[in-house]
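Colleague: model this:
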Amino acid sequence: MELSNRYAMAKPGSFPQSAKSNNANVSFDEVAKYFPVPIAEAATLLGVTTNYLKQICKENGILRWPYLKVLAGKTVEDIKREGAKEKSLIEEMAKRAAQQHSSVPPHITTSGNSAV
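Modeller: Numbering: from 1, shown residues only. All right, here's what the predicted structure looks like:
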């Protein structure tokens, strides 16, 4: 089979839909309801990709899918609270880094070849 014909013979609907078509409709609170199930199952149930679920979690301070934390006895509310705390710490660190970067005097260069 020729490479160019490989996709022409695929059945309609056999490829995943574009991430933007379905993913934009899912909120973090909706995603959080599915923390007690594995990420692949949650993605299927929500009709989105696993990468989109990971993105939503990271945007809310949760760095990994919390399925195992739920199995270990943490509640969804505890996980959301920890995520909010982590998110605020990350934002604070970014703010401090931006302030430090802007406070570098203009005569100091990073190349080390400044002519004074």
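Colleague: shaky segments in the protein?
Modeller: For the chain, the stretches flagged by pLDDT under 70 are 1-24, 104-116.
Colleague: Could you pull out the helices in it for me?
Modeller: Listed in chain order, the helices of the chain (DSSP state H) span 3-6, 19-23, 28-32, 39-46, 50-59, 67-71, 76-102.
Colleague: I'd like those as TSV, with mean neighbour count appended.
Modeller: The C-beta positions use only the backbone N, C-alpha and C, and glycine is treated the same way. Below are those laid out as TSV (neighbours: other Cβ atoms under 10 Å):
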stretch	mean neighbour count
helix 3-6	8
helix 19-23	13
helix 28-32	15
helix 39-46	16
helix 50-59	16
helix 67-71	14
helix 76-102	12
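Colleague: Without its sequence neighbours, what residue ends up closest to K80?
Modeller: Using Cβ to Cβ, 6 or more residues apart in numbering and skipping residues adjacent in sequence, the residue nearest K80 is A32, 5.8 Å away.
Colleague: The one you found touches D78, doesn't it?
Modeller: No. If you go by Cβ atoms under 8 Å, A32 and D78 don't touch, sitting 11.2 Å apart.
Colleague: how far does stretch 44-54 stretch from start to finish?
Modeller: This stretch, stretch 44-54, spans 14 Å end to end (Cα to Cα, to the nearest Å).
Colleague: now do stretch 26-43
Modeller: This stretch, stretch 26-43, spans 11 Å end to end (Cα to Cα).
Colleague: again, but for stretch 69-85
Modeller: Terminal residues of stretch 69-85 lie 16 Å apart, using Cα to Cα.
Colleague: same question, stretch 30-49
Modeller: First-to-last residue span, stretch 30-49, Cα to Cα: 14 Å.
Colleague: and what of stretch 36-50?
Modeller: In stretch 36-50, first residue to last residue: 15 Å (Cα to Cα).
Colleague: Please apply the same query to stretch 30-37.
Modeller: Stretch 30-37: ends 13 Å apart by Cα to Cα.
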